[in-house]
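**Q** how does the following fold in three dimensions:
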Amino acid sequence: QVQLVESGGGLVQAGGSLRLSCAVTGRTFEYFTVGWFRQAPGKEREFVAAILWSSGTTNYADIVKDRFTISRDNAKNVVYLHLNNLKDEDTAVYYCGAGGAAALITRGICDYWGQGTQVTVSS
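**A** Take a look at the predicted model:
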């Protein structure tokens, strides 16, 4: 069983930065992939970025590719999402999800989900 716990959200001004953390506990496995997603009020949850645990290979949604960076610290079992140059439209609850198939993760099909952390961008 895998558990995911997000942290690091908060209120930030437009143009600012945040670092979100997703702490991973439990046994990881081959092709284990962790993704970040977000859900804004009144909108569906959308894929943001993903990272393959073993190799560090990353994948990004086009809308955040130049501003957000996903990384992982295998020793600490944490996946980070660095949010830079934040915009009003980045306001959302950010979730991490995980599973064993990167192709499914990018489609939002995860075996495990965290509880989410709120990011609010003020202009």
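**Q** lowest average confidence, helix or strand, in the chain?
**A** Scoring the helices and strands of the chain by mean pLDDT, DSSP states H and E places helix 102-105 at the bottom, with a mean of 88.
**Q** neighbouring contacts of it?
**A** Identification of contacts with helix 102-105 by CB atoms under 8 Å, 6 or more residues apart in numbering yields 31, 33-35, 47, 50, 52, 57, 59, 97-99, 110. Where C-beta positions appear, they are placed from N, C-alpha and C, glycine not excepted.
**Q** tell me how many other residues crowd the spatially closest residue to Q3 that is not a sequence neighbour.
**A** Once flanking residues are discounted, Q3 sits nearest to T25: 4.7 Å by CB to CB, 6 or more residues apart in numbering. Neighbour count for T25, taken as other CB atoms under 10 Å: 11.
**Q** wait, isn't R67 in contact with H82?
**A** No - the pair R67 / H82 is not scored as a contact, 9.0 Å apart, by CB atoms under 8 Å.
**Q** using PyMOL, define a selection of the buried residues within the contacts of helix 102-105.
**A** To isolate the buried members of these in PyMOL, using 16 or more other CB atoms under 10 Å:
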select buried, resi 33+34+35+47+50+52+59+97+98+99+110
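**Q** so which of the contacts of helix 102-105 are in strands?
**A** Using DSSP state E, the members of these that fall in strands are 33-35, 47, 50, 52, 59, 97-99.
**Q** so G35 bridges to which residues?
**A** Using DSSP bridges, the beta-bridge partners of G35 come out as A50, G97.
**Q** contacting residues around the residue nearest to Q3?
**A** Taking CB under 8 Å, 6+ apart as the criterion, T25 is in contact with 2-3, 5, 77.
**Q** nearest residue to the middle of the chain?
**A** Here the mean C-alpha position of the chain is nearest to the C-alpha of W36 (CA atoms, centre = their mean), at a distance of 2.1 Å.
**Q** touching, that one and G9? I think so.
**A** No - W36 lies out of contact with G9 (CB under 8 Å); the separation is 11.7 Å.
**Q** check contacts around S54.
**A** Going by CB under 8 Å, 6+ apart, the list of residues near S54 reads 30-32.
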